[in-house]
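Peer 1: no sequence for this one, just the structure:
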């Protein structure tokens, strides 16, 4: 039987108690991963509450990792060019060590110029800085003590700790041409953003996913992110998940904040997947 991985995007603006409850419930019900969004300064102008990220995702994932044992933990999506990659490398490696290798680092370039201005980061070159930052992350995780000389990030050598010789999977988020090309060159996974009936449709997703797998000889796997919030959407979501599976998604990431949805959603998804394989 072929079955997609099923991950949950947690509401990052809830209480710590609620988020811990959601994460442990997801693990107990057999979900594959829990993911957190981020904005350093959430954009007020965006109406979607999913952008109202409150907690730092890497810090919170360390806490969630301490309350779980098997579910994968990840960011969906961390805005990498807003951050110092040397600090991100250490934070991510620490979470990966705390979780016994369960971290998946999802990164993207961001879209809100005001947020970049507020933290003193350049917006126009964020793509180039993201590419270079990914190289810094992999260099440090591998335990390389020799330095790097880059256009944006350089250092003369040092001891990177903690070392993660097995690496940490990097998911590249976004459905622009630049994001897809970045995933093909630098990523382990690609996540298309799909929410509120906008973004990548199944036909476009199928074409991109097939092209990515061809270009990378299957190295890059794919995920689709879909926001959903209420229990009365479960039946419709089960059918939509099957649509994404047929479109070539290896994993799905679903956003909802109601623990009561977990059981019926997982049960109906599993039954639907068996029927349609």
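Peer 2: Alright, I've got the coordinates. This one's a predicted model, so the numbers in the text were calculated from it and none came from an experiment.
Peer 1: residues of the helix or strand containing residue 62 that come out buried?
Peer 2: Secondary structure assignment for residue 62, by DSSP states H and E: helix 57-66. Buried residues in helix 57-66, counted by 16 or more other CB atoms under 10 Å: 57-58, 60-65. (Each C-beta comes from the backbone N, C-alpha and C, glycine too.)
Peer 1: just these now: which is nearest residue 104?
Peer 2: Of all the buried residues of helix 57-66, residue 61 has the smallest distance to residue 104: 9.9 Å, by CB to CB.
Peer 1: on that earlier part again, can you name the element that comes right after the helix holding residue 62?
Peer 2: strand 72-75.
Peer 1: want to try a markdown table for the buried residues of helix 57-66, with pLDDT as columns?
Peer 2: Shown next, in a markdown table, are those (pLDDT from 0 to 100):
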| residue | pLDDT |
| --- | --- |
| 57 | 94 |
| 58 | 96 |
| 60 | 96 |
| 61 | 97 |
| 62 | 97 |
| 63 | 97 |
| 64 | 97 |
| 65 | 97 |
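Peer 1: between those residues, which is nearest residue 152?
Peer 2: The closest of the buried residues of helix 57-66, once distances to residue 152 are taken by CB to CB, is residue 58, at 21.0 Å.
Peer 1: follow-up on the earlier one: closest one of the buried residues of helix 57-66 to residue 74?
Peer 2: Checking the buried residues of helix 57-66 against residue 74 with CB to CB, the nearest one is residue 61 at 7.5 Å.
Peer 1: my guess is that closest one contacts residue 72. True?
Peer 2: No: checked against CB atoms under 8 Å, the pair residue 61 and residue 72 is beyond contact range at 10.1 Å.
Peer 1: common neighbours of these two, please.
Peer 2: Shared contacts of residue 61 and residue 72 (CB atoms under 8 Å, 6 or more residues apart in numbering): residue 103.
Peer 1: from the contact counts, what lies against the helix or strand hosting residue 172?
Peer 2: For residue 172, the element it lies in under DSSP H and E is strand 170-173. Packing contacts for strand 170-173, counted by 3 or more CB pairs under 8 Å, 6 or more residues apart in numbering; DSSP states H and E, involve strand 103-108, helix 126-141, helix 177-186, strand 189-195.
Peer 1: low-confidence ranges in this structure?
Peer 2: Counting by pLDDT under 70, the ranges of the chain that qualify are 1-2, 46-53, 194-199, 227-231, 257-260, 262-263, 265-266, 268-277.
Peer 1: now do the helices in it.
Peer 2: For the chain, the helices defined by DSSP state H cover 16-28, 57-66, 85-98, 113-118, 126-141, 177-186, 202-215, 234-246, 259-275.
Peer 1: relative to residue 224, which of the ones you listed is closest?
Peer 2: Residue 224 lies closest, by CB to CB, to one member of those: helix 234-246, at 4.7 Å.
Peer 1: quick one: that closest one to strand 189-195, angle?
Peer 2: For helix 234-246 against strand 189-195, the angle by axes from the mean of the first three to the mean of the last three CA atoms, to 10 degrees is 140 degrees.
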